[in-house]
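In: below: sequence and its predicted model.
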Amino acid sequence: MTDIKSMTLTELTDHIAGMGEPAFRARQLYQWMHAKCVSSLDDMTNIPKSLKARLRETEETNTDSSNSVDITCLKPIEVRQSADGTRKYLFELADSNLIESVLMRYKYGNTVCVSSQVGCRMGCRFCASTLGGLTRNLTPAEILDQIYRITNDINERISHIVVMGMGEPLDNYDNVIRFLNLIISEEGYNLSRRNITVSTCGLTGRIRDLADEGLGITLAISLHAPNDELRRTIMPIAEKYTIAEIAESAAYFFEKTGRRITFEYALSRGVNDTDECATELARLCRDLGAHVNLIPVNPVTERGYEPSGADRVSAFKNKLEKQGINVTIRRELGQDIDGACGQLRNRHGR
Ligand code: SAH
C-alpha cells in the first residue's frame, strides 16, 4: 500500500517511473495534490483514466471508507465559526479517528493551527488533548490535508502555520519533518518557511535534531514554569528533561538557525503567575534572547486550573518587560467555540 500524498516529488517520480508511466505525470499529480489542493483523483483533469485506475489499486485510503479508494483526504464533520472570524474544524480520518484544526484570521494573513497526532502522550495537566493518551501519529498527508481542506473551504491561501494543535510534533518527528518539507516545496503549496512555528513541550534531543535539519522555521517551547520543581507539578515531561537541558538545546537551536526561541507560558491563577515567577523567567529568557508568549490558561472542564485575571496577566507582562524581555499576549481567539486544544473532539467522545 502506498500513500502518494506523503511522497516528495522525487519519491513520487520514482514511484510513477516504477509503474512504467512517464515521469512528467509525477509532477502533474504532485501539483494537483499540493498546489491545487484537490480532494480526489477524479478532479485531476489531465491525468489519464488508466493511470487513475492503477493508482486506485495501490493507494492507501484515508478518506471515508464508503468512498472509492483515493488520495488521502480528511472529511470535515463539524465546522464552527466564531464571532471573531476564527473557524474550528473537526476532521474525520479514514479509520474514523477525529482531529481538530483551527483557522485564525489576522491582519497579516490566515493562520492555521494543525494537529500532529491523534491524542497525545505528554500528559500536561492543563491540556484537554492528552486526556485519553496517544491513539496514533498522523501521516504527513493527514497533516498537510488540514491546510488543503481549509484553503478550499475559505477559498483563500493560508500564509502561516503553527503546529500547536493536538499532539506533540517532536514525538512524531519523521512525519512532521516530511510534512514541513512538503508544505514549503516550491512545486507544492510553497508556504514560506519563515511563517511556520513548531511548538514542543521540550524534547531536548529532538530540538537539536530539528536545528540540524536547517529548515528555517521558528521554534516555540512550552515552558509554563520557570523552575523544575513547579514545572514537574504541571508537566510530566519535566521529570525527564530539566529546564537547564531545555535551555541548552534552545541555545543550540538559536546558534544553528539564528532564529530566536519563543517560550509559551500559560498563566494559571496562583500557580505560575507570581512576580517571583516572572523574575525567574526573565533571567532564563535574557540568557537566550528568547521571546515570551503569554496566554491565560484556557479552563478545561476536566482540569482544575483557572486562568489568571487580566490585572495579573498585565502585571506579569510588565515585570518581564521591565527586565528587558520581549513579551506578547496571545489573543484568545475562538473562546465561544471551544478554542482550546482538544475541547471540540472531547465532546464527541472519540
Ligand atoms: N505539544 C506541543 C504542541 C501542542 S500544544 C506543545 O506542548 O507545545 C500547543 C500549546 O497550547 C502549548 O503551548 C500548550 O502548552 C498550550 N495549551 C494546551 N492546553 C492549554 C490550555 N488549556 N490553555 C492554554 N494553553 C494550553
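Out: Sure, I can see it. Fair warning: this is a prediction, and the values are worked out from it, not measured in the lab.
In: which pLDDT value goes with Thr130?
Out: We note a pLDDT of 89 for Thr130 in this prediction.
In: show me the contacts for it.
Out: The neighbours of Thr130, taking Cβ atoms under 8 Å, 6 or more residues apart in numbering as the test, are Gly119, Cys120, Arg121, Met122, Gly123, Cys124, Gly342. (Each C-beta comes from the backbone N, C-alpha and C, glycine too.)
In: and if you look at Asn172?
Out: Ser116, Gln117, Asn137, Leu138.
In: quick check: the farthest pair among the residues you listed?
Out: Ser116 and Asn137 (7.6 Å; Cβ to Cβ).
In: what residues are shared contacts of these two?
Out: Common contacts of Ser116 and Asn137 (Cβ under 8 Å, 6+ apart): Gly167, Asn172, Asn175.
In: closest one of those residues to Ile16?
Out: Using Cβ to Cβ, these come closest to Ile16 at Asn175, 22.2 Å.
In: so that closest one sits against Leu144, correct?
Out: No. The pair Asn175 / Leu144 is not scored as a contact, 10.3 Å apart, by Cβ atoms under 8 Å.
In: higher neighbour count, those two?
Out: Shown here are Asn175 and Leu144; by other Cβ atoms under 10 Å, Leu144 has more neighbours (26 against 19).
In: the more buried one touches Ile4, doesn't it?
Out: No. Counting by Cβ under 8 Å, Leu144 sits too far from Ile4 to count as a contact (12.0 Å).
In: intersection of neighbour lists for the two?
Out: Counting by Cβ under 8 Å, 6+ apart, nothing touches both Leu144 and Ile4.
In: just the C-alpha atoms of the longest strand along the chain, please, in CSV.
Out: When every strand of the chain is counted residue by residue (DSSP state E), the longest turns out to be strand 98-106. Taking Å, rounded to 0.1, in the frame of the first residue of the first chain, the C-alpha atoms of strand 98-106 are listed here in CSV:
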residue,chain,number,x,y,z
LEU,A,98,-11.1,12.7,14.9
ILE,A,99,-8.7,15.6,14.9
GLU,A,100,-9.1,19.4,15.2
SER,A,101,-7.6,22.3,13.2
VAL,A,102,-8.2,26.0,13.8
LEU,A,103,-8.2,28.9,11.3
MET,A,104,-7.3,32.2,12.8
ARG,A,105,-7.6,35.4,10.7
TYR,A,106,-5.1,38.1,11.4
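In: interface residues of the stretch 51-200 of the chain facing the ligand?
Out: Residues of the stretch 51-200 of the chain lying close to the ligand by Cβ under 6 Å from any ligand atom are Met122, Cys124, Phe126, Cys127, Met164, Glu168, Ser199, Thr200.
In: let's have those residues in CSV, adding distance to Ile217.
Out: Below are those laid out as CSV (distance: Cβ to Cβ, whole Å):
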residue, distance to Ile217
Met122, 20
Cys124, 22
Phe126, 25
Cys127, 22
Met164, 13
Glu168, 16
Ser199, 11
Thr200, 12
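In: all helices of this structure, in order?
Out: For the chain, helices defined by DSSP state H occupy the ranges 9-18, 24-30, 49-58, 140-154, 173-183, 204-213, 228-234, 243-257, 275-288, 310-322, 343-348.
In: which residues touch the first one?
Out: Where contact means Cβ under 8 Å, 6+ apart, the residues beyond helix 9-18 that reach it are 2, 4, 7, 22-23, 25-27, 29-30, 185, 187-188.
In: out of the residues you listed, which are buried?
Out: Ile4, Met7, Arg25, Ala26, Leu29, Tyr30, Ser185, Gly188 (16 or more other Cβ atoms under 10 Å).
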